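S.K.: Predicted model follows, preceded by the sequence.
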Amino acid sequence: MDQDQQWLINCLNASLDPNHQVRTFAETSLQQASLQPAVLLKQYIKKHWNEDEEGFEHPVVPTNEKASIRGLLLALLDDPYKKMCTAVSVAVSTIAQYDWPDDWPELVPFLLSLINDQTKLNAVHGALRCLALISSDMDDKMVPKIVPVLFPCLYTIVSSPQVYDKCLQSRALSIVYNCTSMLGVMSGVYKTETSSLMLPMLQPWMEQFSSILKHPVPSEDPDDWSVRMEVLKCLNQFIQNFPAIAETHFVVIVGPLWDTFVSSLEVYKRSSIEGVEDSYDGRYDSDGAEKSLESFVIQLFEFLLTVVGSPRFVKVVMNNVKELVYYTIGFLQMTEQQVHTWSLDANQYVADEDDNTYSCRVSGALLLEEIITSCGMEGIAAVIDSVKRRISESQQEKDNGSPGWWRLREATLFALASVSEQLLQAEVSGPTIGNMLEQILTDDVATGVHDYPFLFARLFSSVAKFSSVINNQVTDHFLYAAIKTIGMNVPPPVKVGACRALSQLLPDATRGIIQHHALDLFSSLTELLKNASDETMHLVLETLQAAVKAAHEVSASVESVVSPIILSMWASHVSDPFISIDALEVLEAIKNAPGCVHPLVSRVLPYIGPILSNPQQQPEGLVAGSLDLVTMLVKNAPIDVVKAVYQVSFDPVVRIVLQSDDHSEMQNATQCLAALVSGGKQDMLAWCGDPGFTMRSLLDVASRLLDPDLESSGSLFVGSFILQLILHLPSQMAQHIRDLVTALIRRMQSSQISALKSSLILIFARLVHLSAPHVEQFIDLLVSIPAEGEVQGAYQIKVTTTALALLLLTRHVELGNINVQGHLIKSEAGITTRSRAKLRPDQWTLMPLPAKILAILADALLEIQEQIDADNEQDSDWEEIQNGDAGDDEDFLYSADAASHNRPTYEYLDAMAKAFNEDQEDDYEDELLSAADPLNEINLVNYLVESLAKFSESDKPFFQHLFQSLTKPQQNAIELVLRRRGM
């Protein structure tokens, strides 16, 4: 007898033991052991069933064995042990992915026969579990065939609570949800067909949903919550995917939905907020579905978000929007579990508050934002009215001695903070909010900080959010209180709130307060930093950065204390990208403070030099991080600082590029050298005493980075580096242009990263400008370049777009001989699944390069025009766009033209240029380039207009020929600006 047999006999004997604990343990062990064959079978199917499957291993299962396995599995679907039934269902659905419907046509009819048999409820459960798994993976061909047959069976289950329990009803509804989701995807292509399919079924389902939701939500009944949750998910799909049909029947849902919403708050208060009833948090059913009250309430909010966000359905709630906001605020109260967790772990408190984690509070706050967005001033009025009511109620609870009065007060302030931006934008609400908050703050600041730490934390953050509408004296008082609080022995949540207040109030604080309390402020923050971890460390560093920026010249007196602590923290967390970046930003703020750059650099360089000189001996991430630190020191630094950094770091950084195989080190070293060239310019060549050596070193770096055999990741920032050489060392680079172009072409041909290709395109664009007025000669070097990649950033777009205009103006004969990718050829109608995309990849037309360039220039004008339209039409109706005439998009430029005839000609073009410049957010790399490049002063719109006008006038037949190849919107864009130029 082997060990397994002996174990089985022992378990069987133990299952008969009179001792309850022994018997229960043995039964559990036997049940778990019974699942092992099902798990092994699933693995067997994955590995051996289909030869085309990734991870397939020989041998393949013979056809006759497949049939036997399928039959045996179906026979096991009525197993009374639900976990076994679930395991079998997973195996069936896995096989169905390969065999159904072609090789297993009897599967669905068999499952339907099971769910129609009311005498075998275990079989119904197994069949529903199978159908739930299968329906989640059906395509657009199978769903229309199965829905007409399946939905009546599911309706019978959902509408017969006397026969089928809530678990079965919930499972049936999940299948309805899966099928309706796929029909929604299909409706984009097959709108008529899917609407016709759903039309006769929608009314009975809506009426059934109404009967489920009309009853009050019961306490401690997760099965009921699960049914309601599935109902809400189905309703969400109905109104999202079939709004016209659902709108007709939506009225039957409104009352029951409201009953569910209101009654669920009472259950939520007792279960989650007060903790006197079971909320089933963190528990799941046998199928792995969450069964908590929190998940149900979140789903309720998600459905309400859909309703409020729809122009069709929001009108239904408009009459009761105040009550909707009022009850929503009630859901925002901290739960007993949150109070317990956050009191023990401030780090979790910060993480949950900052990251908007999955919770009822977050979902409720999102609903309030959507209410204001969709309802406008009525939504704002509803928020203010509800806040006043809730504040009054919390005050009554406080006066009556209720220990939980602070929860409602904190939730109300949290609600206000979540919509602070919208409230402050509506100027009419500013004084109202300010006066109301001042009263709340005055009343609550006298309460005990140790008794109500979370309320105090919310008071601090509320002041920060609404400082622009609060009296300056109140703001200054709370700023002073926050400075004192972070140095006091108070609960961690209070210090979190104080830090949040400081990080937002310090930038606008009066200098007198900061100067008087600067030493206390920095002392307390650095002390907090020593004991911080993870999320709290991020918050303290953010606050410290704000303090350094606000302290101005006072920072110099504390630099010797703060800098070593930040440097030590940076070094110990250099492999953590979030904390190390935060620490670098604090150091950069110190560097930029008056009188701090020289002592900081003197402190850093002795530490950094040995690290860069011996990169192989450093811990992981320290070299790459040190290069980032050096780059930060050089950026916008005085020339003597750049020289000091150069003398310590130039040679080691060059060696890292030439010798390292670590791509992050190579990337950071490349950026470091680009910053040194930008800061040192021509002077840098003489700093080592041999200008030729420095130039050769820079060219060696360029050669390594442009090596076509080097992995693209290592060369990622070569574009920025070479542009710095071209801009700041033009005479030295002029003799190497031909070799540079050849290397650029080879590097681009081997590049596997679109960002690298884009940066190389920018170099070519800059060289086009440098070659003017002899652009034709430069074109001869470019005819073989595979120009791909997306160009991003205001500076890059400006340089490349104007370079394309220059190329077009040459009308060089070689440009017409080059064909490039044109328009996407639309495939046959239908949903593009992964398998279809693999069999029929996208196909494109070919068009001559001059036509493509003209199209790109027209697209640039279109994008700028769209930015103007977005600015002028903030309140556009999305549904009107969806349902309107498709031709409207083609005519919008003409509409803008008609509406603007009274303006001066160039005022309109200047508005376009302003819109372009305001919309672009440059990163540091763009900033580094644009600051030194005169091309950045070009008015892009005027440049394009003049270039297009010159091109159209110099060769009208050629221009008209290319113009005919453009789309209607592109033609409109060009015609509009040319017509305006002629006004």
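M.R.: Arrived safely, thanks for sending.
S.K.: packing partners for whichever strand or helix holds Asp739?
M.R.: Using DSSP states H and E, Asp739 sits within helix 737-750. For helix 737-750, the packing partners by 3 or more Cβ pairs under 8 Å, 6 or more residues apart in numbering; DSSP states H and E come out as helix 691-705, helix 754-771. Where you see a C-beta, it was placed from the backbone N, CA and C, and this is true even at glycine.
S.K.: can you pull the buried residues of it?
M.R.: Neighbour-count burial for helix 737-750, with 16 or more other Cβ atoms under 10 Å as criterion, is recorded at 740-741, 743-745, 747-748, 750.
S.K.: still on that earlier bit, which one of the helices and strands packed on helix 737-750 lies nearest to Ser272?
M.R.: helix 754-771 (46.4 Å; Cβ to Cβ).
S.K.: Which neighbouring elements make contact with the closest one?
M.R.: Other elements packing on helix 754-771 under the criterion 3+ Cβ pairs under 8 Å, 6+ apart are helix 718-728, helix 737-750, helix 775-779, helix 794-810.
S.K.: ranking the ones you listed by mean pLDDT, which is last?
M.R.: Ranked by mean pLDDT, these bottom out at helix 775-779, with a mean of 67.
S.K.: if we can go back for a sec, most tightly surrounded among the helices and strands packed on helix 754-771?
M.R.: helix 718-728 (a mean of 24; mean count of other Cβ atoms under 10 Å).
S.K.: Not counting that one itself, show me its contacts.
M.R.: Residues outside helix 718-728 that contact it (Cβ atoms under 8 Å, 6 or more residues apart in numbering): 670-671, 673-674, 677-678, 681-682, 698, 701-702, 705-706, 732-733, 740, 747, 756, 758-760, 762-763, 766-767, 770, 925, 928-929, 932-933.
S.K.: Using JSON lines, lay out the helices and strands packed on helix 754-771 together with distance to Ile391.
M.R.: Below are the helices and strands packed on helix 754-771 laid out as JSON lines (distance: least, Cβ to Cβ, whole Å):
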{"stretch": "helix 718-728", "distance to Ile391": "54"}
{"stretch": "helix 737-750", "distance to Ile391": "63"}
{"stretch": "helix 775-779", "distance to Ile391": "69"}
{"stretch": "helix 794-810", "distance to Ile391": "46"}
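S.K.: nearest to Pro204, of those helices?
M.R.: Across the helices and strands packed on helix 754-771, closest to Pro204 is helix 794-810 (Cβ to Cβ), at 55.3 Å.
S.K.: Just the CA coordinates for that closest one, please, in CSV.
M.R.: Coordinates of each C-alpha in helix 794-810 appear next as CSV, following Å, rounded to 0.1, in the frame of the first residue of the first chain:
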residue,chain,number,x,y,z
ALA,A,794,5.5,71.8,-29.6
TYR,A,795,9.1,72.4,-30.6
GLN,A,796,9.5,69.1,-32.5
ILE,A,797,6.2,69.6,-34.3
LYS,A,798,7.2,73.1,-35.3
VAL,A,799,10.6,72.2,-36.6
THR,A,800,9.4,69.1,-38.6
THR,A,801,6.3,70.7,-40.0
THR,A,802,8.2,73.8,-41.3
ALA,A,803,10.9,71.5,-42.7
LEU,A,804,8.2,69.6,-44.6
ALA,A,805,7.0,72.9,-46.0
LEU,A,806,10.5,73.7,-47.1
LEU,A,807,10.8,70.4,-48.9
LEU,A,808,7.5,70.9,-50.6
LEU,A,809,8.5,74.3,-51.9
THR,A,810,11.6,72.9,-53.7
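S.K.: quick one, it and helix 754-771 angle?
M.R.: Relative orientation of helix 794-810 versus helix 754-771 (axes from the mean of the first three to the mean of the last three Cα atoms, to 10 degrees): 50 degrees.
S.K.: packing partners for helix 794-810?
M.R.: Taking 3+ Cβ pairs under 8 Å, 6+ apart as contact, the helices and strands that helix 794-810 lies on are helix 754-771, helix 775-779, helix 849-872, helix 924-930, helix 940-954.
S.K.: which one of these is the most hemmed in?
M.R.: Of the helices and strands packed on helix 794-810, helix 754-771 is the most buried (mean count of other Cβ under 10 Å), at a mean of 21.
S.K.: returning to that earlier point: chain center to the helix holding Asp739: distance?
M.R.: 36 Å (Cα atoms, centre = their mean, to the nearest Å).
S.K.: That helix vs helix 754-771, what angle?
M.R.: For helix 737-750 against helix 754-771, the angle by the same axes, to 10 degrees is 160 degrees.
S.K.: what angle sits between helix 737-750 and helix 718-728?
M.R.: Using the same axes, to 10 degrees: helix 737-750 against helix 718-728 is 160 degrees.
S.K.: Let me know the angle separating helix 737-750 from helix 691-705.
M.R.: 20 degrees.
S.K.: Quick one: residues contacting Phe478.
M.R.: Taking Cβ under 8 Å, 6+ apart, we find Phe478 in contact with 441, 459-460, 463, 501, 505.
S.K.: Where is pLDDT lowest across those residues?
M.R.: Taking the contacts of Phe478 together, the minimum pLDDT is found at Leu441 (85).
S.K.: For that one, which residues are in contact?
M.R.: 459, 462-463, 470, 474, 478.
S.K.: Helices of the stretch 201-350 of the chain, residue ranges please.
M.R.: According to DSSP state H, counting those that start in this stretch, the stretch 201-350 of the chain carries its helices in the segments 222-241, 243-249, 251-268, 293-309, 314-318, 321-331, 336-344, 346-354.
S.K.: which residue packs closest to Ser420, ignoring adjacent ones?
M.R.: Nearest non-adjacent residue to Ser420, counting by Cβ to Cβ, 6 or more residues apart in numbering: Lys465, 4.3 Å away.
S.K.: ignore the last one, Phe578
M.R.: Looking at Phe578 with Cβ to Cβ, 6+ apart, the closest residue is His538, at 6.4 Å.
S.K.: buried residues in the helix or strand where that neighbour lies?
M.R.: Assigned by DSSP H and E, His538 falls within helix 534-551. For helix 534-551, a neighbour-count test (16+ other Cβ under 10 Å) marks 535-551 as buried.
S.K.: ditto for stretch 234-244
M.R.: For stretch 234-244, a neighbour-count test (16+ other Cβ under 10 Å) marks 234-243 as buried.
S.K.: Would you mind saying which of the helices of the stretch 201-350 of the chain lies nearest Tyr98?
M.R.: If we rank these by Cβ to Cβ, the stretch that ends up nearest is helix 222-241, at 27.8 Å.
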